[in-house]
Each structure stands twice: as structure tokens, then as C-alpha cells.
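A.B. asks: Give me coordinates for this.
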Amino acid sequence: LSLIFGTTGLTNFAHGEMVVVGTILVWYLNDAGIWLPFATLIGLSVVFGAGAGFDRVLWRPLRHRGTSLISMLVVSIGVSLVIRYLVLYIFGGRPKAIIDFAVQAPYDWGPITVGPKDLWSIGLSLIVLTSVGLVLTRTRTGKAIRAVADNPDLARSSGIDVDRVILVVWGAGAALATLGGVLFASSELVDWQFGFKLLLLMFAGVTLGGLGTAFGAFVGSLIVGIIIQVSTLWISPELKNVSALTLLILILVIRPQGIFGQRERIG
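C.D. replies: Numbers count the residues shown, from 1 in each chain. Below you'll find the model as predicted:
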């Protein structure tokens with residue numbers, strides 16, 4: 001979500017549906033008998049191509065036509081609604097569980113109880129986050145992404161294929177959204193609207209860290225996630241998301257650009 005905003009300036013309200021569609025695809029593959037790790041790899045490959053194709057068919061023509069960001073934001077809301085209710089029609093309204101690793105004996109470490117799949121999720125998340133960081137800082141593609149995010153016109157004049165970079169970002173964004181959805185659904189349930197429910201928390205995380213900065217999104221999301229879970233010690237679990245959004249409001253009142261964002265200059 002943050003990389004897409006950084007390279008295109010678009011606040012993508014359909015990002016939650018990217019999470020849901022990829023996760024449901026993996027659920028269908030797993031339900032057909034494919035082992036979850038293999039089903040996830042297949043799903044990531046398919047969704048990467050779908051995300052890139054989505055940019056090629058819809059967003060690139062809008063950019064080349066000079067469509068304003070506000071208009072594109074409205075389009076993303078419309079796309080979100082269309083996809084959400086198509087998923088409801090196809091997948092149904094009943095939440096479903098991922099079959100593999102559904103029942104596991106938890107580990108008890110004093111006051112902490114954690115399942116093996118949660119430990120795997122933590123480890124895999126750290127590996128993926130580290131890999132994304134290395135790609136952004138050490139590879140030609142990552143440097144091109146950062147250049148486009150910093151100044152698309154200057155990047156284009158330097159010989160960087162901006163459209164191709166944005167294509168890669170959309171594909172990678174869709175794949176990472178799918179992976180996040182699978183990790184979330186492995187502990188929860190696959191639901192036709194859980195992406196929409198997570199969307200505000202996604203925005204809270206990336207905005208808190210600084211919209212458009214990948215490392216800021218990591219730190220902001222980590223803060224939001226910890227606050228959500230720890231807050232249930234004092235408030236009802238049904239209200240836990242309120243604590244994260246309250247923190248977001250307080251931070252943005254003090255520092256509107258977020259933790260790692262830079263204040264914009266006008267004029």
C-alpha cells in the first residue's frame with residue numbers, strides 16, 4: 001500500500017480486496033488438496049501477474065490520460081465495491097477456515113500461549129520484511145522504485161522505465177497483500193469482507209509511519225499491531241481497533257507527515 005502510494009501518489013482503497021482475493025484463491029487451492037505452502041506459492045505467482053495486469057489495463061491508461069489523483073481514488077473505491085460483492089457472490093457469506101494447520105497444540109511459556117503456526121508466521125514475516133528491505137536498498141529494481149517514488153519525472157529523464165517500475169510495484173503489492181492475508185487467515189477465518197475490516201488498520205499503520213515510505217510503514221504497522229493486542233488487557237476486544245485509530249489521530253495532530261515522513265513544501 002505504501003509503495004503504491006509512493007510511486008503513483010494513489011491512495012488505493014481497493015488494497016483490502018487485493019488481500020481478500022489472493023487469500024480466497026489460496027483457500028480454494030488448499031481446499032482442492034494442495035498443501036498450504038505450495039498453494040500459497042501458486043497463489044502469489046498468480047496474484048503477482050493479476051496485480052501487474054490490473055495496472056496495465058486500468059491504472060496506466062488513467063495516468064496517461066492525466067486523470068487526477070482524486071478521480072483515481074474514487075475509481076479505487078468503486079473497484080473495491082465491485083470486487084467485494086463479486087467475492088460475496090462467488091465465495092459466499094460464511095467464513096471458512098484454512099484446512100491445513102487448523103488445529104495445533106500450543107506452546108505455553110509462562111503467561112504466554114502461542115501456536116506453532118504463529119511462530120512460523122512471525123519467522124516468515126521477518127524474512128519477507130528483511131528481503132523487501134534488501135531489495136529496495138541493494139538491487140537495481142529497488143533503487144529504481146525509490147527513484148520513481150522520489151521524483152518520477154527525474155527518474156524518467158535518467159532512463160528509468162517508470163511504467164515498468166510501477167507495474168512491478170503493483171504486482172509485488174498484490175503478492176505481499178496475499179501473503180499477509182494468508183498469514184492472517186491461518187489464525188482467523190477467511191471472510192469475504194475481512195480485507196475491508198483490515199483496511200483502516202492498514203491505513204493507520206502506513207500513515208503513522210509516513211505514507212509512501214516502506215520502512216515507515218513497517219514501523220507504523222508494528223506499533224499499531226502491538227497497541228491493538230496489548231490494549232485488550234484494559235478494554236473489550238471488540239473495541240481494540242479504536243485504540244490504534246485514537247493513537248493515529250494523536251500522532252497526526254502532533255506530526256501530520258507521520259514518524260518517518262517528510263513535511264511537504266508548498267511554493
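A.B. asks: three-state assignment of L183?
C.D. replies: At L183 the chain is in helix, as set by DSSP: H, G, I helix; E, B strand; the rest coil.
A.B. asks: three-state assignment of the closest residue to it other than its chain neighbours?
C.D. replies: Leaving out its chain neighbours, the residue that sits closest to L183 by Cβ to Cβ, 6 or more residues apart in numbering is S121, at 4.6 Å. The C-beta positions use only the backbone N, C-alpha and C, and glycine is treated the same way. Here S121 is recorded as helix under three-state DSSP.
A.B. asks: S121 and A185 touch, don't they?
C.D. replies: No. The pair S121 / A185 is not scored as a contact, 10.6 Å apart, by Cβ atoms under 8 Å.
A.B. asks: neighbour-wise, which of the two wins?
C.D. replies: The residue with more neighbours, out of S121 and A185, is A185; 22 against 17, by other Cβ atoms under 10 Å.
A.B. asks: right, and the more buried one touches I98 too?
C.D. replies: Yes. In this structure, A185 is within contact of I98 by Cβ under 8 Å, at 5.6 Å.
A.B. asks: what is in contact with those two at once?
C.D. replies: W27 (Cβ atoms under 8 Å, 6 or more residues apart in numbering).
A.B. asks: Look at the nearest residue to L69 once chain neighbours are set aside and say how many residues are nearby.
C.D. replies: Once flanking residues are discounted, L69 sits nearest to G9: 5.3 Å by Cβ to Cβ, 6+ apart. A count of neighbours around G9, defined by other Cβ under 10 Å, yields 14.
A.B. asks: Got phi/psi on G9?
C.D. replies: phi 80, psi 0 (degrees, to the nearest 10).
A.B. asks: And for W109?
C.D. replies: Taking degrees, to the nearest 10 as the convention, W109 sits at phi -120, psi 90.
A.B. asks: now M18
C.D. replies: Dihedral angles (degrees, to the nearest 10) for M18: phi -60, psi -40.
A.B. asks: Could you pull up the contacting residues of the closest residue to it other than its chain neighbours?
C.D. replies: Residue nearest to M18 in three dimensions, not counting chain neighbours: A177, with 4.2 Å by Cβ to Cβ, 6+ apart. Each residue near A177 by Cβ under 8 Å, 6+ apart is listed here: L1, H15, M18, V19, G22, V47.
A.B. asks: If we use 10 Å, what do you get?
C.D. replies: 1, 4, 12, 15-23, 44, 47, 51, 195, 198, 202 (Cβ atoms under 10 Å, 6 or more residues apart in numbering).
A.B. asks: Then V114?
C.D. replies: V114 touches P106, Y107, D108, I122, counting by Cβ under 10 Å, 6+ apart.
A.B. asks: Confirm for me that the second one is in contact with K117.
C.D. replies: No. The criterion here is Cβ atoms under 10 Å, and Y107 misses it with K117 at 11.1 Å.
A.B. asks: Of these two, which one has the most company?
C.D. replies: The residue with more neighbours, out of Y107 and K117, is K117; 18 against 12, by other Cβ under 10 Å.
A.B. asks: Check which element follows the helix or strand harbouring that one along the chain.
C.D. replies: Using DSSP states H and E, K117 maps to helix 116-138. The helix or strand immediately downstream of helix 116-138 is helix 140-150, counting by DSSP H and E.
A.B. asks: between that following helix and helix 116-138, what angle do the directions make?
C.D. replies: 80 degrees (axes from the mean of the first three to the mean of the last three Cα atoms, to 10 degrees).
A.B. asks: buried stuff in helix 140-150?
C.D. replies: G142, A144, I145, R146, A147, V148, A149 (16 or more other Cβ atoms under 10 Å).
A.B. asks: same for it, what does it pack against?
C.D. replies: With contacts defined as 3 or more Cβ pairs under 10 Å, 6 or more residues apart in numbering; DSSP states H and E, helix 140-150 has these neighbours: helix 2-8, helix 116-138, helix 152-157, helix 162-187, helix 214-230.
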